[in-house]
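Asker: need a 3D model of the following:
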Amino acid sequence: MENATACSGLRLSASLRQIEASHAGLPLMERAGRAAADFACELAGDRQRPVLILAGPGNNGGDAFVVARLLRQRFFDVRLVYAGDPARLPPDAAAARNADIAAGGGSSDRIPAVDHWGLIVDGLFGIGLTRAPDGIHAEWIDTANRLARRDGCPLLALDCPSGLDADRGRRPGTCIAASHTITFIAGKPGLFTGDGPDHCGQIRVADLDLPALPPADGEIVGRAHFAACLQARRRNSHKGVFGSVGILGGGPSMSGAALLAGRAALKFGAGRVYLGLLDPAAPSVDPIQPELMIRPPAALFEAELQALACGPGLGTDGAAAGCVERALASPLPLLLDADALNLLAVDARLQANLRQRAAPSLLTPHPAEAARLLGCSTSAVQDDRIAAACELARRCAAVVALKGCGTVVASADGRWWINTTGNPGMASAGMGDVLSGQAATLLAQQWPAESALLAAVHLHGAAGDRLVDAGIGPAGMTASELIDAARTCLNRCLAGAAA
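Answerer: Okay, here's the model as predicted:
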């Protein structure tokens, strides 16, 4: 699995340790080292250039010793660097070191001066490190990054780039900037969210041929999570079949946010889209998308809707608060975003109304909005994005998408997913409004809330990737451009369902 493009399970460090303990009779370190050596051979290619392998003081260092021995057997010029106390190595790592020495290997306690490395392998720290690296190991991390840049050579991380928190995706200090990561048994969530994607490069999972394992802790979002809802359109259809979406927002000087959400809903397949705009000076017709039906907020609730999105450009005045209260009282599936979330954060009564809703509720906060709802700092949310999303979903009895690098989707029962589509070009105004319109459309088409949000998040990111592939971004990508690309991504999914 490279770049987690396939639907796959994710496991936290505690679960992985249990798995390793229950399979202690298997040569897991040898299997991990062999998988890594195979990958290293693919990456290095040219055996004329030496390979630098950094071994740490724990089991990740043991994996590195295995890689060093196997690459020497394949006639690579290996320079192994290790500065720990051999007497303090864990038993499996000590055995791996002894096997390397018995095969004629050896190590140095400093990185040698070489004109051009063919490959650098990071085996310093694995999934157990949650603090910032220090001392000689921090120096080696910085040097490895510098040498990889200097020589343009691959930098392969074993299990997890050293310095990255494998569970949370935090980088508390210096960290390996790998071009490739081979991770063992299962994907780790920290590789795919927060700082992880900037440090892991291409990711490959080596399952080590373990027998049946317990259910995963979380999952990477993939088409399999919403495939059952993808239905080809019947020829004998009319607009009422495809749902009527209401968008509530567009306070003074903020009509654009609601218009973006409405346009996104229409082009994501809604049969009808109604906009309830709070700004009394708002246009009565959208000249770009005249199909949108614009009216005052009170009139929006009189329309025959199947789903409602509240928040894009809403504002936080009394009128806006009244709209949120009325939206929460609606029997419709409801998506809350932007200012609707900010109003919710400061009003315990609205929070209670949200928890008591019978219809499905979706929340799509960015980290600062999530922090307001949780009563903590934005940095605390980012320090553990999975925990924050799960806690918010539990408190609000909702399905939550915590937006950002590696958007985390969580349900109220504690299940969670990480989305890997998308790119930095989507860090621009209006992207969240587009997501709101898309998710509301799927709700209006009677998709289950969980499937609707997973599909909207995944296809929203895929649309951004499609634009980058076409040369539109990442710099300068706009939310308006994303709308048409998302329509294409959705239609390709529908075409696949019809095949």
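
Asker: please count neighbours and contacts with C-alpha atoms only from this point.
Answerer: Will do.

Asker: domain assignment for the protein?
Answerer: 9-218, 223-498 (automatic domain parsing).

Asker: show me the shaky parts of this protein.
Answerer: For the chain, the stretches with pLDDT under 70 are 1-7, 498-499.

Asker: at the geometric centre of it, which residue sits there?
Answerer: The residue lying closest to the centre of the chain (CA atoms, centre = their mean) is residue 406, at 1.9 Å.

Asker: hang on, it is in a strand, isn't it?
Answerer: No: with DSSP: H, G, I helix; E, B strand; the rest coil as the criterion, residue 406 is located in coil rather than a strand.

Asker: can you report phi and psi for the nearest residue to it once chain neighbours are set aside?
Answerer: Nearest non-adjacent residue to residue 406, counting by CA to CA, 6 or more residues apart in numbering: residue 193, 4.0 Å away. Reported as degrees, to the nearest 10, the phi and psi values for residue 193 are phi -140, psi 160.

Asker: what's near enough to touch residue 193?
Answerer: Residue 193 is in contact with 168-169, 385, 405-408, 418, counting by CA atoms under 8 Å, 6 or more residues apart in numbering.

Asker: make it 7 Å
Answerer: Residues in contact with residue 193 (CA atoms under 7 Å, 6 or more residues apart in numbering) are 169, 405-407.

Asker: swap in residue 201?
Answerer: By CA under 7 Å, 6+ apart, the contact list for residue 201 reads 178-181.

Asker: show me those that map onto strands.
Answerer: 180-181 (DSSP state E).

Asker: show me where the stretch 151-300 of the chain has its strands.
Answerer: 155-158, 180-184, 202-206, 218-220, 244-249, 272-277, 293-295 (DSSP state E, counting those that start in this stretch).

Asker: how about TSV for those strands, with mean neighbour count added?
Answerer: TSV is the format used below for those (neighbours: other CA atoms under 10 Å):
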stretch	mean neighbour count
strand 155-158	30
strand 180-184	25
strand 202-206	20
strand 218-220	23
strand 244-249	30
strand 272-277	26
strand 293-295	19
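
Asker: turn the ones you listed into CSV, columns for distance to residue 75.
Answerer: CSV is the format used below for the strands of the stretch 151-300 of the chain (distance: least, CA to CA, whole Å):
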stretch, distance to residue 75
strand 155-158, 19
strand 180-184, 22
strand 202-206, 23
strand 218-220, 38
strand 244-249, 64
strand 272-277, 65
strand 293-295, 70
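
Asker: which one of those lies nearest to residue 374?
Answerer: strand 218-220 (21.8 Å; CA to CA).

Asker: same for the closest one, what does it pack against?
Answerer: strand 9-10, strand 416-418 (3 or more CA pairs under 7 Å, 6 or more residues apart in numbering; DSSP states H and E).

Asker: how many neighbouring residues does the nearest residue to residue 169 once chain neighbours are set aside have?
Answerer: Of all residues not flanking residue 169 in the chain, residue 190 sits nearest, at 3.6 Å (CA to CA, 6+ apart). Neighbourhood size, residue 190 [other CA atoms under 10 Å]: 29.

Asker: ok, residue 190 to residue 297 distance?
Answerer: Look at residue 190 and residue 297: by CA to CA, to the nearest Å, they are 42 Å apart.

Asker: residue 459 in helix, strand or coil?
Answerer: helix.

Asker: pretty sure residue 158 contacts residue 182?
Answerer: Yes: using CA atoms under 7 Å, residue 158 makes contact with residue 182 at a distance of 5.5 Å.

Asker: which neighbours do those two share?
Answerer: Common neighbours of residue 158 and residue 182 (CA under 7 Å, 6+ apart) do not exist.

Asker: quick one, helices of the stretch 101-250 of the chain?
Answerer: 135-151, 196-200 (DSSP state H, counting those that start in this stretch).

Asker: do the stretch 251-400 of the chain as well
Answerer: Counting by DSSP H, counting those that start in this stretch, the helices of the stretch 251-400 of the chain are 255-267, 297-300, 318-329, 339-345, 348-355, 367-374, 378-383, 385-396.

Asker: what's the spacing between residue 318 and residue 341?
Answerer: 14 Å.

Asker: ah, wrong one, I meant residue 441
Answerer: 20 Å.

Asker: so which of those two has more stuff around it?
Answerer: residue 441 (34 against 23).

Asker: tally of neighbours for residue 96?
Answerer: Neighbour count of residue 96, defined by other CA under 10 Å: 26.

Asker: OK, contacts around it?
Answerer: Contacts of residue 96 by CA under 7 Å, 6+ apart are 62, 65-66.

Asker: list the buried ones in the helix or strand where it lies?
Answerer: Per DSSP states H and E, residue 96 falls inside helix 91-102. Neighbour counts over helix 91-102 (16 or more other CA atoms under 10 Å) mark 92-98, 100 as buried.
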